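S.K.: give me a 3D structure for the following:
(one chain, ligands or ions: 2)
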Amino acid sequence: MLVLGIESSCDETAVALMEDTGSGQPQLLSSVISTQIPLHRMYGGVIPELASRNHSANLPAVLQEALEKANRSIHQVDVFASTAGPGLVAALLVGNTAAKALALAARKPFVAVNHLEGHMLSPFITHPAGLVPHLGLVVSGGHSLLIDVKGASDYTLLGRSRDDAAGEAFDKVAKMLDLPYPGGPEIDKLAEKGDPERFKLPRPMMHEDHLDFSFSGLKTAVLYTLPKLVASGNPHELDEQTMCDLCAGVRQAIIDVLLHKAVKALRKSHHKVLAVSGGVSCNSGLRRQLQEMCERRRIELILPPNSLTTDNAAMIAYAGLLRARAGDFSPLDTPVDPNLKLAGVQLRK
Ligand code: KG4
Ligand code: ZN
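M.R.: Numbers count the residues shown, from 1 in each chain. Ligands and ions are numbered 1, 2, ... in the order given. Below is the predicted model of the structure:
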């Protein structure tokens, strides 16, 4: 079975081809990503209309390249999968409509994939044993989720962000420091040269009993810290070491909360496997500290390779493939939903 996945929920236009030979792990034949980040960077964030227009312009070439790299023709595709949400509605519509049109023309089935389910499953694309029961920690630009995964389409939400997601916190703090969009990788780079202990930043909700997250207090703390360092509050007046220390402090505050809640959720769910996914999972400090924590606690840690942490279509093809294996296809009139909840997946069996 050959699955073609299309992702266009935000600012990456992506197409991937994955083959299921029936035995063992499916093979990822190609994964092509055309990023619009340089385009949106000059606005300090994603402009939805611009994203949509560029998905339309880029998709045909990305599709062509993915087919060529996989050495397959469009006529060989058995299943078309695409992101149905959450994301920017005008951006979602481009990839989603293309996948539906291709499925209709080829008289092949279509699978509407939840973007968060795609992220959550992404660590297993390259895992020799495939999908195993685990605790999933999804940390992306829009979401921070803790999910008890018993198997394919058997998910229970244990915790979520009540305000800003982890990636959003990185991005908002970076904006305050006038660092380029997206802020996560910039803060990560500077944090490597900084002292995480110099600034005492809050760890919101860390010691509360529930498994929800809150990161919005972090940007407020940085907002109040800036004028104490330079009277003008202008981040360009910070000396280089202070900037690095501030970034290290922010990164460590986010890591501490994520690790703390993950340990709590592992205890609660009794899982011995932790899989971490989403754009923030390529944070070098987070990856290092997750490894240390999991070694100490004898937890198996499964991380996607860096290329599969931020938005990609391999994760959409993989989620589509697991659904196709179960014969769980979507009607062509399935709408895109910018607020699609993972809970929707939770109900489907
Ligand atoms: O998963 P993703 O590509 O898109 C969403 O589904 O939201 O995640 C994007 C987020 C952005 O907030 C970006 O700043 C963050 O992932 N990110 C990082 C790093 N690389 C990307 N955050 C922290 N450290 C990084 N190295
Ligand atoms: Zn994403």
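S.K.: quick one: which helix or strand includes Tyr155?
M.R.: strand 154-160 (DSSP states H and E).
S.K.: so does the helix or strand following that strand get close to ligand 2?
M.R.: Downstream of strand 154-160, the first helix or strand assigned by DSSP H and E is helix 166-176. No: using C-beta under 5 Å from the ion, helix 166-176 never reaches ligand 2; the gap is at least 8.6 Å. Placement of C-beta: from N, CA and C, glycine included.
S.K.: just the CA coordinates for helix 166-176, please, in CSV.
M.R.: Extracted in CSV, the C-alpha atoms of helix 166-176 (Å, rounded to 0.1, in the frame of the first residue of the first chain):
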residue,chain,number,x,y,z
ALA,A,166,5.6,25.8,25.0
GLY,A,167,6.5,26.8,21.4
GLU,A,168,4.3,29.9,21.7
ALA,A,169,6.2,30.9,24.9
PHE,A,170,9.5,30.6,23.1
ASP,A,171,8.2,32.6,20.1
LYS,A,172,6.6,35.3,22.3
VAL,A,173,9.7,35.8,24.5
ALA,A,174,11.9,35.9,21.4
LYS,A,175,9.7,38.6,19.9
MET,A,176,10.1,40.6,23.1
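S.K.: how far off centre is the following helix or strand past that helix?
M.R.: Next in sequence after helix 166-176, counting helices and strands by DSSP H and E, comes helix 183-191. Chain-centre distance of helix 183-191: 17 Å, with C-alpha atoms, centre = their mean, to the nearest Å.
S.K.: can you name the element that comes right after helix 183-191?
M.R.: That would be, after helix 183-191 and using DSSP H and E, helix 216-229.
S.K.: what is the helix or strand following that following helix packed up against?
M.R.: On the C-terminal side of helix 216-229, the nearest following helix or strand under DSSP H and E is helix 240-269. Contacts defined by 3 or more C-beta pairs under 8 Å, 6 or more residues apart in numbering; DSSP states H and E place helix 240-269 against strand 134-139, strand 144-151, strand 154-160, helix 166-176, helix 183-191, helix 216-229, strand 273-277, helix 284-297.
S.K.: out of those, deepest packed?
M.R.: Ranked by mean neighbour count, the helices and strands packed on helix 240-269 are led by strand 134-139 with a mean of 28 (mean count of other C-beta atoms under 10 Å).
S.K.: and that strand with helix 240-269, angle?
M.R.: Strand 134-139 runs at 150 degrees relative to helix 240-269, counting by axes from the mean of the first three to the mean of the last three C-alpha atoms, to 10 degrees.
S.K.: and the angle from strand 134-139 to strand 273-277?
M.R.: Comparing the axes of strand 134-139 and strand 273-277 via the same axes, to 10 degrees yields an angle of 20 degrees.
S.K.: would strand 134-139 count as contacting ligand 1?
M.R.: No: figure legend: strand 134-139 not in contact with ligand 1 (C-beta under 6 Å from any ligand atom); closest approach 7.6 Å.
S.K.: what's next to that strand, contact-wise?
M.R.: 116, 119-120, 144-149, 155, 158, 165-167, 258, 262, 265-266, 269, 271, 273-281, 286, 302 (C-beta atoms under 8 Å, 6 or more residues apart in numbering).
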